[in-house]
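Q: Please find the sequence and the predicted model below.
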Amino acid sequence: MPAHVTKRVDSNSLNLKEHVVSINRVTKVVKGGKNLSFSALVVVGDPGAKVVGFGTGKAKEVPAAIKKGIESAKKNLRKINVLETTILHPVLGRFGSGMVLLKPAPEGTGVIAGGPVRAVIQAVGIPNVLTKSIGSHNPHNVVKATINALEQIRDKAAAADLRGIAVDKLDAYQPPVKTQPTA
C-alpha cells in the first residue's frame, strides 16, 4: 500500500476558511463575437484541524466561479501532519515544472512565503515556516506542489514504522559516520 494515500475528510464538522488564490478571465471566440467567462482557484482549510484542500470553479461571473471553486475544494480536503508551531522536517513538493521547498522555522519567524504558497500554508495553520518556490510560477502548479510537499510530511510514528525501529529509538538513532582513513 503506498504511503501517500489520504483519507477523505468530512467538511461539515470543520471551521473552513477560504482563500481565493487567482481569478483568470477567459474569452472564447465564437461566430457571434467573444464569450467571456471566469476561472477561480480557491484554497480552503481549517487551521485548527490542520486540514487543507484546493479547487477550481468556472462560471460567467466571478462570485459564481469562486463559489464553485469552494465546493470543489471541500470535496478534496486532506489532513496534514505538523508540529504545534512548524513542520517536522524539510520537504520538496513537485507538480509539473513547479517545485516548492518547505523548511521548519523557529518560533517567531512567521510564514515566509509568497502568493499561492502563503495561501496554502495559512489555510493549514502553520505559524512558522520558510518556503521557496522554484520553477513554474503558475498558481495552479504552485498550489498543487505545496500540497504535495505537505502530504510528504510524516509524523514520528510513521517514520519509525517506515524504518522498522521503535519510536523512542528514533531520536537516539544516529546514522553511521564515515571517517577518513588516516595516513
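A: That came through, no problem. Residues are numbered from 1 along each chain as shown.

Q: can you map out the helices along the chain?
A: 62-74, 115-124, 139-151, 156-163, 167-170 (DSSP state H).

Q: and the gap between the residue nearest the centre of the chain and Ala159?
A: Residue closest to the mean C-alpha point of the chain, counted by Cα atoms, centre = their mean, is Ile147 at 2.4 Å. Going from Ile147 to Ala159 by Cβ to Cβ, to the nearest Å gives 20 Å. Yep, even glycine has a C-beta here, placed from its N, CA and C like the rest.

Q: Cross-check the contact I'm expecting between the residue nearest to the centre of the chain and Phe54.
A: Yes - Ile147 is within contact range of Phe54, at 6.5 Å (criterion: Cβ atoms under 8 Å).

Q: any common contacting residues for these two?
A: Val120 (Cβ atoms under 8 Å, 6 or more residues apart in numbering).

Q: rewinding a little: list just the one of the helices of the chain that sits closest to Asp46.
A: helix 115-124 (8.0 Å; Cβ to Cβ).

Q: Determine how far that closest one lies from the middle of the whole chain.
A: 7 Å (Cα atoms, centre = their mean, to the nearest Å).

Q: cool, and stretch 131-143?
A: How far stretch 131-143 lies from its chain's middle: 11 Å, per Cα atoms, centre = their mean.

Q: Provide the contact partners of stretch 144-154 at residue level.
A: With contact meaning Cβ under 8 Å, 6+ apart, stretch 144-154 is reached by 3-4, 6, 52, 54, 78, 80-82, 87-89, 91-96, 98-102, 116-117, 120-121, 124, 131, 133, 162.
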